[in-house]
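Student: quick one: sequence plus predicted model below, questions after.
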Amino acid sequence: GGSTVTVSTLADLRSAVSSDTPRIVYVDGHIIGNGDDGIYPGSNKTIIGLEGSHLEGCGFMVFGKSNLIFRNLKLSKYKTSIAGIRLKENTHHVWIDHCDFSCDRDNGWEYWGKDIVISDGSDCVNISWNKFHDNPLSVLIGDGTAGEFDHERLRVTLNHNMWYNVNEREPSYSFNVCHAFNNYHLDNGGYC
């Protein structure tokens, strides 16, 4: 709910999502960041990519927020300092749906960020109908060290997603409860 706004620049996108006021934000056109440009949305946001839109070199960093929807977004070329979408610090009730995530497999493990990272007590996340491709590392749920903090959190559902041309982490789980069904894995180099 809330007001509706359409953005076509990185600055306008950052401004439109920054508060916790309910808002629907449409992304239009090709928005290019420098590879590690973070966008920090507040709670109560629906962020929808319009046909042909593309976010390149930037990613969403969600810390301690809730009630977010990311839909129909094409995200690419986000470096290790960020991710396509990163959920931390007890972020909860997030739906990531019909998005396209990619980098490339030429620059290696330490260059590109993961497509989605869910950690630090985040909870109640649904990842549905997305495409993950051309990245060494894809989805990380739990960071492998915060088990006690994440206990009874990190509940994630992954359904109807497709991974192809990915090395691994399709997804990787640590200390969480995950319900995964009807996902497809094709031509991948490591494990899923």
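Tutor: That came through fine. All of these numbers come straight from a predicted model, not from anything done at the bench. Numbers count the residues shown, from 1 in each chain.
Student: hmm, which helix or strand of this structure has the shakiest average pLDDT?
Tutor: Every helix and strand in the chain was compared by mean pLDDT, DSSP states H and E; the lowest is helix 147-150, with a mean of 62.
Student: report the next helix or strand after that one in sequence order.
Tutor: Heading C-terminal from helix 147-150, the first helix or strand you meet, by DSSP states H and E, is strand 155-159.
Student: how far off centre is whichever helix or strand comes after that following strand?
Tutor: Counting by DSSP H and E, the next helix or strand C-terminal to strand 155-159 is strand 162-168. From the chain centre to the centre of strand 162-168 is a distance of 15 Å (Cα atoms, centre = their mean, to the nearest Å).
Student: by contact count, what packs against the helix or strand following strand 162-168?
Tutor: Proceeding N to C from strand 162-168, the next assigned helix or strand is strand 172-173, under DSSP H and E. Judged by 3 or more Cβ pairs under 8 Å, 6 or more residues apart in numbering; DSSP states H and E, the packing partners of strand 172-173 are strand 139-141. Just so you know, the C-beta spots here come from the backbone N, C-alpha and C atoms, and that holds for glycine as well.
Student: for Leu68, give its distance to Asn176.
Tutor: As for Leu68, its distance to Asn176 is 19 Å (criterion: Cβ to Cβ, to the nearest Å).
Student: with neighbour numbers in mind, choose between the two.
Tutor: Leu68 (24 against 21; other Cβ atoms under 10 Å).
Student: helix, strand or coil: sort out the more buried one for me.
Tutor: Put simply, Leu68 is strand when judged by DSSP: H, G, I helix; E, B strand; the rest coil.
Student: for it, which residues are in contact?
Tutor: Leu68 makes contact with 41, 43-47, 62, 91, 93-95, according to Cβ atoms under 8 Å, 6 or more residues apart in numbering.
Student: mind listing what the residue sitting nearest the centre point of the chain touches?
Tutor: Geometric centre of the chain, nearest residue: Ile85, 2.6 Å, by Cα atoms, centre = their mean. Each residue near Ile85 by Cβ under 8 Å, 6+ apart is listed here: 59-60, 62, 70, 75, 96, 115-117.
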